[in-house]
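Visitor: below are the sequence and a predicted model; questions follow.
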Amino acid sequence: MTNVWAIAYRELRGYFVSPVAYVVLAGFLLLCGWFFWVYLTQFSQMVAMYAQFQQPQMLEQMNLNDMVMAPLLQNMVIILLIMVPLITMRLFAEERANCTDELLLTSPVETLEITLGKFLGAGLFYLVLLGCTLVYAGILLYFGDPEVGTIVTGYLGLLLVGLSFIALGLFTSTLTSNQIVAAVSAFVVLLLFFAIGWPASTVGENAGAVLGYLSLIEHFQPMTAGLVVSSDVIYFLSVIAFALFLSQRSLESLRWR
């Protein structure tokens, strides 16, 4: 594990000594902040309208989790489709472009340790990114009364989605020495996992069930409603493990070339 943590620290430090981390952080928080403001403003206007027309039954149905946090988290996933490829594109593509991959692959470090270290470094940066958005939940908790458990499960889902995206982006970065190609390839793969379930209702029952299961968003949405199902967690862990396995095998092939 020492080698894994050393590589992870190197990767995490590499983000913050380049403009990538600051651009991604600024862009992600700007977009998330905009969506949070929009949903919160809409919620406040609806509460004021129902209070003005004296409709207490409608006011009782108003829920911060359903009207603010759930749509905010779902939009965060869409933003991550764009941001995660920017995080992962450099992980191996930069090594190959700078010809430092030979030094890394010929060092006394297992390819699995390299893969896990790179993944952990990007994952730690993602935790920083995700942690900055907790301010939105804090605002709701301070001024309102949302369900804490639902917020926790929503962020758990967002964590699993982000780590799945990072693992897939890590794999695409092992395939090329061009960071732009790695980023575009990662975006295409992530978009496929995001949208693969859309035609599920039009392709027949069996095929639709398969497409629905493969759809990443179908496993994420229940968590935004406070439901944590073991099959959904297993799905995300399986995606992460499979993508890391492909990354490790790709690195192994590079070592023997």
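Guide: Received the coordinates, thanks. Numbers count the residues shown, from 1 in each chain.

Visitor: tell me, how many residues neighbour F187?
Guide: By the criterion of other C-beta atoms under 10 Å, F187 has 19 neighbours. In this view, the C-beta of every residue, glycine as well, is placed from N, C-alpha and C.

Visitor: from what I see, it and L81 are in contact.
Guide: Yes. With contact defined as C-beta atoms under 8 Å, F187 reaches L81; the gap is 6.6 Å.

Visitor: so for this protein, the centremost residue is which one?
Guide: Residue closest to the average C-alpha location in the chain (C-alpha atoms, centre = their mean): G162, at 1.9 Å.

Visitor: go ahead and confirm that residue touches Y126.
Guide: Yes. Counting by C-beta under 8 Å, G162 touches Y126, with 4.9 Å between them.

Visitor: overlap in contacts of the two?
Guide: Both G162 and Y126 are contacted by V84, under the criterion C-beta atoms under 8 Å, 6 or more residues apart in numbering.

Visitor: and what about L227, helix, strand or coil?
Guide: Following DSSP: H, G, I helix; E, B strand; the rest coil, we place L227 in the coil state.

Visitor: quick check: it vs T153, distance?
Guide: For L227, the distance to T153 (C-beta to C-beta, to the nearest Å) stands at 7 Å.

Visitor: give me the more crowded residue out of these two.
Guide: Taking neighbours as other C-beta under 10 Å, L227 and T153 compare with T153 leading, 19 against 12.

Visitor: that one touches M223, doesn't it?
Guide: Yes. Using C-beta under 8 Å, T153 is in contact with M223, at 4.8 Å.

Visitor: ok, now which ones touch the residue lying closest to G144 once chain neighbours are set aside?
Guide: With C-beta to C-beta, 6 or more residues apart in numbering as the criterion, G144 has its nearest non-adjacent residue at 5.1 Å, and that residue is L64. For L64, the contact set (C-beta under 8 Å, 6+ apart) comprises 43, 140, 144-146.
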